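Peer 1: whatever this is, show me its structure:
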Amino acid sequence: MIKLQVIGNLGKDCIVKDINGKTVINFSVAHSEKYKDSQGNLKERTTWVECAYWTDRTAISPYLTKGTTVYAEGSPEADAYMNKENQAAATLRMRVQNIQLLGSRQGGDNPNSNAGNNSFAAPASTPAARPAAASPVPEAAADDLPF
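Peer 2: Next comes the predicted model:
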């Protein structure tokens with residue numbers, strides 16, 4: 001199994017759809033990194049990951065809004081295509097198996113400030129699902145974490 005892990009910000013609010021009796025939450029995560037090119041100029045590169053989270057637990061969807069920082073992991077796939085300018089392009093997609101809220105929009109209210117469990121894993125009945133790697137951290141112990 002190939003596993004993709006991404007930490008980034010949502011580019012827009014999530015979209016919840018029912019497809020053939022199953023629920024999917026679609027969202028996009030952007031990860032930006034800064035680097036210096038060969039001439040020493042500071043550059044920034046943003047990578048977008050299109051995410052599909054197949055789940056019956058849609059309670060997380062109100063928190064998946066533009067700008068929210070999330071950690072998501074799952075199975076990756078890439079699609080190559082020709083864009084409107086007739087140039088080769090690619091899309092990185094992920095079938096999400098686990099998602100955690102890490103923060104809210106900058107300047108907005110923190111939706112998970114009182115949440116004891118901000119980790120959501122796909123249910124075991126989902127074909128690509130696996131058990132969550134770690135149990136949720138109790139709210140009292142969360143203050144003791146070094147990160």
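Peer 1: ok, the residue most central in space within the chain to Ala89 distance?
Peer 2: The C-alpha lying nearest the average C-alpha coordinate of the chain belongs to Ala72 (CA atoms, centre = their mean; 3.9 Å). From Ala72 across to Ala89, the span is 22 Å (CB to CB, to the nearest Å). For the C-beta atoms, the positions are set from N, CA and C on the backbone; glycine is no exception.
Peer 1: with Ile7 instead?
Peer 2: Taking CB to CB as the measure, Ile7 falls 24 Å from Ala89.
Peer 1: buried residues in stretch 20-37?
Peer 2: 24-25, 27-29 (16 or more other CB atoms under 10 Å).
Peer 1: including pLDDT, distance to Leu42 and secondary structure, could the residues you listed go into JSON lines?
Peer 2: JSON lines is the format used below for the buried residues of stretch 20-37 (pLDDT from 0 to 100; distance: CB to CB, whole Å; DSSP: H, G, I helix; E, B strand; the rest coil):
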{"residue": "Val24", "pLDDT": "95", "distance to Leu42": "38", "secondary structure": "strand"}
{"residue": "Ile25", "pLDDT": "95", "distance to Leu42": "35", "secondary structure": "strand"}
{"residue": "Phe27", "pLDDT": "96", "distance to Leu42": "29", "secondary structure": "strand"}
{"residue": "Ser28", "pLDDT": "96", "distance to Leu42": "25", "secondary structure": "strand"}
{"residue": "Val29", "pLDDT": "95", "distance to Leu42": "23", "secondary structure": "strand"}
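Peer 1: using CSV, lay out those together with distance to Ile2.
Peer 2: What follows is these, written out as CSV (distance: CB to CB, whole Å):
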residue, distance to Ile2
Val24, 21
Ile25, 22
Phe27, 21
Ser28, 20
Val29, 17
